[in-house]
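S.K.: I'll drop the sequence and a predicted model, then ask my questions.
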Amino acid sequence: MNEIDSFIINNLEKHSKNIAIITAEKFDISVQAVNKHLKKLIKDNIIEAEGETRGRTYSLVKQFKMFSYDMNENLSESEVWSKDIKPYIPTKPNVHNIWAYGFMEMFNNAIEHSCGTWIKVFISKDILNTRMMIMDNGIGIFKNIKEKFNLADEHEAILELSKGKLTTDKQRHSGEGVFFTSRAFDKFIIESHNIMFTHNKNKQDVLFDDIEKSSGCATVVFMEIANNSNRILKDIFDEFSGEDYGFDKTIIPIELAKYGDENLMSRSQARRVLNRITLFKNVVFDFNNVPHIGQAFADEIFRVFADMNPNVKLDYMNANEEIRAMINRAKVSNINKI
C-alpha cells in the first residue's frame, strides 16, 4: 500500500469529513489527486462513502459476524475457535496467536464459571483493527468472584482480578487468563452489573462505576488489537515470569483500591492491596492517578509487610513526589529498626 493510501486509512476516523483536504495538505497535492485515491479505496472495499459531494463522509468498511451458543457439556472453546472464529481473525502469526489465546481463555471462562445458559460472540473487523465481544447471561464475573472469595464487594473483586492468580477452581485453572489476556490486547474491557474494568495498551487499569448498561448481559468481555500489531504473546508472559518461567511478578494498580473519591490512608486499605501477594516473588505497586496516600497505608506495605515477607520483592511506579516521600519514610523506619 502506498504512503497516501496508508495516511488516508489511518486518519479516516478522525477526519471523516475533510480527509481529502487534510491529505492534500499533508502531501502537497491537489484535492482532485486525493479523490483518485479515495475512489480506488472505495473500489477495493477498504473504505466507504456516504452523502453528496460537499457533505460526503468516509469511513472504513467493517465486517460483522455474530455467533450464538447454548451452554451444554459439549460446548468447547477449541472447537468453536476452529470452526467459527478462526476464519475471521487476522492471519499475521503473532496477532493470530494473541487472538487464539485471548478468545479461548475468555470463552472457557464463560463456559465454566458464568452459570449461564448462552454465550454470544460478536466480531467487528476493518483494515486496521479487529474487535470482539464475548457475552453471557450468567451470574456476572465480579459478583461470582466476590461470593467465592467472600469479599466485601465487587470493587474488591476487580482489585483481586487485576493482580492475577485468581481462580475459583484451582484444580482446573491457574488464574492467569484474564491477567495475560488483558495485557495482550490494545484494549481490554470487562463489563458486569454496571461496573467496567479496562486495561489499555498504555498499561493502565481503570475502573468505571455506575455505567449505563445497555447489553442486558451479566458479563461482557471486549478485546481489540491492531491487525498489524507487533506485540508477541511470549514477551508478555516473559515480562511477568522469573528464572523458572513461572508467573511470579504482578503489577497492582493502586487506584483500584480506592472507593469513589476516598484517599488511601489506613492500614485496612493497605491490607486489601496486600491480599494474596505472597503468591508472587516480585510485586510492583502502580500509583498512577493516585494523588495521596497516608503514613499508615505506606507503613503497612513498605515496613510491616516487607519486614514479615522478605522473600517478596516490593517496588513501585508512577508515584508523585509526595507519595515517594511517604514510601521512603516507611522504608527508613524499617532500616532504623534493624
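M.R.: Perfect, thanks for sending it.
S.K.: tell me which residues in stretch 296-310 are buried?
M.R.: The neighbour-count check on stretch 296-310 (16 or more other Cβ atoms under 10 Å) flags Ala296, Phe297, Ala298, Asp299, Glu300, Ile301, Phe302, Arg303, Val304, Phe305, Ala306 as buried. (C-beta placed from N, C-alpha, C; glycine too.)
S.K.: could you give the mean pLDDT of it?
M.R.: What stretch 296-310 shows for mean pLDDT is 96.
S.K.: repeat that for stretch 66-77.
M.R.: Here the average pLDDT along stretch 66-77 is 94.
S.K.: and that stretch, how far out from the chain's middle?
M.R.: 24 Å (Cα atoms, centre = their mean, to the nearest Å).
S.K.: just the buried residues of that stretch, please?
M.R.: By 16+ other Cβ under 10 Å, the buried positions in stretch 66-77 come out as Tyr69, Met71, Leu75, Glu77.
S.K.: got a markdown table for those, with distance to Ile141 and secondary structure too?
M.R.: Converted to a markdown table, the buried residues of stretch 66-77 look like this (distance: Cβ to Cβ, whole Å; DSSP: H, G, I helix; E, B strand; the rest coil):
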| residue | distance to Ile141 | secondary structure |
| --- | --- | --- |
| Tyr69 | 18 | strand |
| Met71 | 15 | coil |
| Leu75 | 18 | coil |
| Glu77 | 16 | helix |
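S.K.: spatially nearest residue to Asn289 (excluding sequence neighbours)?
M.R.: Once flanking residues are discounted, Asn289 sits nearest to Glu255: 4.8 Å by Cβ to Cβ, 6 or more residues apart in numbering.
S.K.: among the buried residues of stretch 296-310, which one lies nearest to Ile89?
M.R.: Closest approach between these and Ile89, by Cβ to Cβ: Ile301, at 41.7 Å.
S.K.: list the contacts for the closest one?
M.R.: Ala270, Val273, Leu274, Phe285, Leu314, Ala330 (Cβ atoms under 8 Å, 6 or more residues apart in numbering).
S.K.: do Asp238 as well
M.R.: Residues near Asp238 by Cβ under 8 Å, 6+ apart: none.
S.K.: just the CA coordinates of the strand or helix carrying it, formatted as PDB?
M.R.: If you go by DSSP states H and E, Asp238 is part of helix 233-239. C-alpha atoms of helix 233-239 as PDB (Å, rounded to 0.1, in the frame of the first residue of the first chain):
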ATOM      1  CA  LEU A 233       2.400 -13.200  23.400                       C
ATOM      2  CA  LYS A 234       5.600 -14.800  24.700                       C
ATOM      3  CA  ASP A 235       7.100 -11.400  25.500                       C
ATOM      4  CA  ILE A 236       4.000 -10.700  27.700                       C
ATOM      5  CA  PHE A 237       4.500 -13.900  29.600                       C
ATOM      6  CA  ASP A 238       8.200 -13.300  29.900                       C
ATOM      7  CA  GLU A 239       7.600  -9.900  31.400                       C
END
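S.K.: right, and the helix or strand after that helix?
M.R.: Following helix 233-239 in sequence, per DSSP H and E, is strand 249-253.
S.K.: picking that back up, would a markdown table of the buried residues of stretch 296-310 with distance to Asn137 and secondary structure be doable?
M.R.: Compiled in a markdown table, the buried residues of stretch 296-310 are given as follows (distance: Cβ to Cβ, whole Å; three-state DSSP):
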| residue | distance to Asn137 | secondary structure |
| --- | --- | --- |
| Ala296 | 43 | helix |
| Phe297 | 39 | helix |
| Ala298 | 43 | helix |
| Asp299 | 45 | helix |
| Glu300 | 40 | helix |
| Ile301 | 39 | helix |
| Phe302 | 44 | helix |
| Arg303 | 47 | helix |
| Val304 | 44 | helix |
| Phe305 | 40 | helix |
| Ala306 | 44 | helix |
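S.K.: reformat those as CSV; add distance to Lys146.
M.R.: Listed next are the buried residues of stretch 296-310 as CSV, based on distance: Cβ to Cβ, whole Å:
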residue, distance to Lys146
Ala296, 26
Phe297, 23
Ala298, 27
Asp299, 28
Glu300, 23
Ile301, 23
Phe302, 28
Arg303, 30
Val304, 27
Phe305, 24
Ala306, 29
